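In: Mind looking at a prediction? Sequence and model below.
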Amino acid sequence: MAYQHIKMPTTGEKITVVDGKLHVPDEPIVGYVEGDGIGPDITRACLRVWDAAVEQAYGGKRKIQWCELFMGEKAAEIYDGNYFPEETLEALKDLIVSIKGPLTTPVGGGFRSLNVALRQELDLYACVRPVRYYAGVPSPMVHPEMVDIVIFRENTEDVYSGIEYKSGTPENEKVAKFLREEMGAEFFEGAGIGIKPVSAFGSKRLVRKAIRYAIDHKKDSVTLVHKGNIMKFTEGAFRNWGYEVARDEFGDVTITEDELYSVYGGVQPEGKIVIKDRIADIIFQLLQLRPAEFSVLATLNLNGDYLSDAAAAHVGGVGIAPGANIADFVAVFEATHGTAPKYANLDKVNPGSLLLSGVMMLEYMGWQEAADLINAALTKVIADKTVTYDFARQMPGAREVKTSEFGDLLIAKIRGKTDELVAVAEAHRAQVEAEKSKLEEQRAANPAEAMKDAGRQPHAVSDIMHKVVTVKGDESVAEVMHMMREARISSVVVEPDSSGQWGIMTQRDVMRKIINANRSPARVAVNEIANRPLIMVARDTSLAEASTTMVEANIRRVVVGATGTPVGVVSDMDLFRTVEEFGWGTE
Ligand SMILES: NC(=O)C1=CN([C@@H]2O[C@H](COP(=O)(O)OP(=O)(O)OC[C@H]3O[C@@H](n4cnc5c(N)ncnc54)[C@H](OP(=O)(O)O)[C@@H]3O)[C@@H](O)[C@H]2O)C=CC1
Ligand SMILES: O=C(O)CCC(=O)C(=O)O
Ligand SMILES: [Mg+2]
């Protein structure tokens, strides 16, 4: 394509997709947009640091060929009032990987957000925002080092879809009339109306990406964040679709939080990722008070927007909060913050957020060595207490430096010794791991307590069931009695007989059919005294329904089945204990 104002570098090659994988040449052409407000200041500093890191890491063998693209106020000047020229969109698609500074959006009127438009036009459906602690960064938290999360925010739907009808317009009146007269909705006269579309397609592809990330980066959990108690068919559906993706597409590597307690006694099995969910309001508190319990969060668009700025505050603020907008391959990296107009052109703000977005970009390109150098240098410069105003005002004894000076200091570190810096990063990782192991030990020692602690109330049999122990029908009762005593269990499930019926043998059966009958357990096969057919209930059976089943069938335990196979058992004692522990009923 012949560009009007974009100047493609004459050296370097474009990044391509070959056999479903990103192919990055040694001199890739990468797009960048300066952005508005503080954008030019931070972009200028970062370009120098990224180049220095690449040069240092690869001794000149690799080099990024930058191509400036135009959006926002600079574009409007060059393209005669057009803030988002068509050729910028084409170049972003063509170059595949780009990075951008923040862009201004007017509030309450004016043009729609260019940032949101960009994400929708390129279908950059995942907004990925890591939030982690760099040693020495000022924080209002007691243990900021425990914050190590990655937010996967759905980036194309929700209330950001732009389906809004301004109060007083004919369109608003038409929609209001339809909602009132045909849908029976009630709301105040003259209300502005916004629509919140959330689809299975949009939700599932986002959660799929989050789970794949968790697998690739060995993360231990993915938390679905939603306000599904209130917005049942949008936020609640997002949660349900998230669990569906995990179960249907990643069933071999994921377990639910329910199963963590009910099947695995709180001990996370090796290689399995726990899928859990939390309601959106409480997640803000949980991230502050119990950050070690979270690693990957999957959120809808609005919740993710709020949560990423709030989470950033735990580890130094938005000045150090990076992000990426990613489709299947095309990716546009950008800071979490905006244009901070009061600081524009003062050479004052922290370039850390854009800088670390560039680190994510280098990782996306597979240039990990350059990314590591920047991470390490940043840790060291912060440890030296030479920081921009935002950190300096919170760090006693710090020396405030300008944006450009901060860049110079980073470059000096990148060109200096880095072993020491890498050791700091590793020590941090070890500390986070140790905290997670401690939590796991606590969960395993007392799952009910951990469940209560995590704010979870058991509702269904799957929340409180124990894993079933299965025996063969031709084993002798004596052998199975030994095993039951050692394992401290009061029942076993018996494999299907010739007619395909599962059975159960309990301590009570041994009392009634062996001891009372004066028979020798060594001479009797389990099949002879097992009860068939087995009464099985589904995993989502409520505790009240399970209790009714036990009372009506005059049995003391129910077996929980999934697709016809027993997976757990719940006894009357389990119900008793749960009610005693967690309380029950509303009257
Ligand atoms: N992706 C994008 O392009 C985004 C664009 N925006 C747009 O940006 C404009 C301004 O939004 P606003 O709500 O003020 O939010 P901003 O994120 O631009 O700024 C809010 C405050 O955050 C702090 N801050 C932001 N960036 C930095 C930095 N690099 N270093 C240190 N501190 C920083 C400053 O805090 P303090 O005052 O305490 O020093 C600043 O006043 C709006 O038009 C908005 O639509 C907003 C978010 C994202
Ligand atoms: O587009 C904007 O102006 C704001 C977007 C935003 O806040 C975000 O993506 O985090
Ligand atoms: Mg935001």
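Out: Sure, I can see it. Ligands and ions are numbered 1, 2, ... in the order given.
In: how far away is the residue at the greatest distance from the centre of the chain from Val567?
Out: Relative to the C-alpha centroid of the chain, counting by Cα atoms, centre = their mean, Asn518 is the outermost residue, at 59.9 Å. Using Cβ to Cβ, to the nearest Å, we find Asn518 at a distance of 36 Å from Val567. Glycine gets a C-beta too; all of them are placed from N, C-alpha and C.
In: again, but for Ser98
Out: Ser98 is 48 Å from Val567, by Cβ to Cβ.
In: Trp50 too?
Out: Shown here: Trp50 relative to Val567, a distance of 51 Å by Cβ to Cβ.
In: With Leu89 instead?
Out: Plainly put, Leu89 is 51 Å away from Val567 if you go by Cβ to Cβ.
In: Am I right that Pro341 is in contact with Gly39?
Out: No - contact status for Pro341 versus Gly39: not in contact, 10.5 Å apart, counting by Cβ atoms under 8 Å.
In: Compare those two (neighbour count), which wins?
Out: Gly39 (27 against 12; other Cβ atoms under 10 Å).
In: Next, give phi and psi for the nearest residue to that one once chain neighbours are set aside.
Out: Distance criterion Cβ to Cβ, 6 or more residues apart in numbering; nearest residue to Gly39, sequence neighbours excluded, is Gly101 at 2.9 Å. When read as degrees, to the nearest 10, the backbone of Gly101 gives phi -80, psi 170.
In: what's the answer for Tyr79, then?
Out: According to degrees, to the nearest 10, Tyr79 has phi -100, psi 30.
In: In contact with it, which residues?
Out: Listed by Cβ atoms under 8 Å, 6 or more residues apart in numbering, the contact partners of Tyr79 are 4-5, 70, 85.
In: same question, Phe333
Out: Contacts of Phe333 by Cβ under 8 Å, 6+ apart are 97-100, 322-325, 357-358, 360-361, 364.
In: Quick check: it is in a strand.
Out: Yes - counting by DSSP: H, G, I helix; E, B strand; the rest coil, Phe333 is located in a strand.
In: is it in a bridge, and if so with what?
Out: Per DSSP bridges, the residues bridged to Phe333 are Ile99, Ala324.
In: and the gap between it and ligand 1?
Out: 11 Å (Cβ to the nearest ligand atom, to the nearest Å).
In: Next, the buried residues of stretch 405-412.
Out: If you call a residue buried by 16 or more other Cβ atoms under 10 Å, then stretch 405-412 has these buried ones: 406-411.
In: got it, and stretch 261-273?
Out: Using 16+ other Cβ under 10 Å as the test for burial, stretch 261-273 gives 261-264, 266, 268, 272-273.
In: next one: stretch 356-369
Out: Quick answer for stretch 356-369 (16+ other Cβ under 10 Å): 356-362, 364-365, 367.
In: now those in JSON lines, with distance to ligand 1, secondary structure and pLDDT?
Out: Output for the buried residues of stretch 356-369, formatted as JSON lines (distance: Cβ to the nearest ligand atom, whole Å; DSSP: H, G, I helix; E, B strand; the rest coil; pLDDT from 0 to 100):
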{"residue": "Leu356", "distance to ligand 1": "11", "secondary structure": "helix", "pLDDT": "97"}
{"residue": "Ser357", "distance to ligand 1": "10", "secondary structure": "helix", "pLDDT": "98"}
{"residue": "Gly358", "distance to ligand 1": "14", "secondary structure": "helix", "pLDDT": "98"}
{"residue": "Val359", "distance to ligand 1": "15", "secondary structure": "helix", "pLDDT": "97"}
{"residue": "Met360", "distance to ligand 1": "14", "secondary structure": "helix", "pLDDT": "97"}
{"residue": "Met361", "distance to ligand 1": "15", "secondary structure": "helix", "pLDDT": "98"}
{"residue": "Leu362", "distance to ligand 1": "20", "secondary structure": "helix", "pLDDT": "98"}
{"residue": "Tyr364", "distance to ligand 1": "18", "secondary structure": "helix", "pLDDT": "96"}
{"residue": "Met365", "distance to ligand 1": "21", "secondary structure": "coil", "pLDDT": "97"}
{"residue": "Trp367", "distance to ligand 1": "24", "secondary structure": "coil", "pLDDT": "96"}
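In: excluding its backbone neighbours, what's nearest the residue in the chain that ligand 1 sits nearest to?
Out: With Cβ to the nearest ligand atom as the measure, Gly338 is the residue of the chain nearest to ligand 1, at 2.2 Å. Using Cβ to Cβ, 6+ apart and skipping the chain neighbours, the partner closest in space to Gly338 is Pro102 (4.7 Å).
In: ok, the buried residues of stretch 261-273 vs ligand 2, which is closest?
Out: Closest to ligand 2 out of the buried residues of stretch 261-273 is Ile273 (26.4 Å), distances taken as Cβ to the nearest ligand atom.
In: Does the residue nearest to Gly39 touch Glu34 like I think?
Out: Yes - the pair Gly101 / Glu34 is scored as a contact, 5.2 Å apart, by Cβ under 8 Å.
In: Please identify which of these two sits among more neighbours.
Out: Using other Cβ under 10 Å as the criterion, Gly101 and Glu34 rank with Gly101 on top: 27 against 23.
In: Now do the same contact list for Asn242.
Out: No, residue 242 isn't Asn; it's Gly. With Cβ under 8 Å, 6+ apart, Gly242 has these contacts: 203-204, 207, 222, 224, 275, 277, 298.
In: let's see it at 10 Å
Out: Residues in contact with Gly242 (Cβ atoms under 10 Å, 6 or more residues apart in numbering) are 203-204, 206-208, 210-211, 222-226, 275, 277, 298.
In: That's all I had, so thanks and see you.
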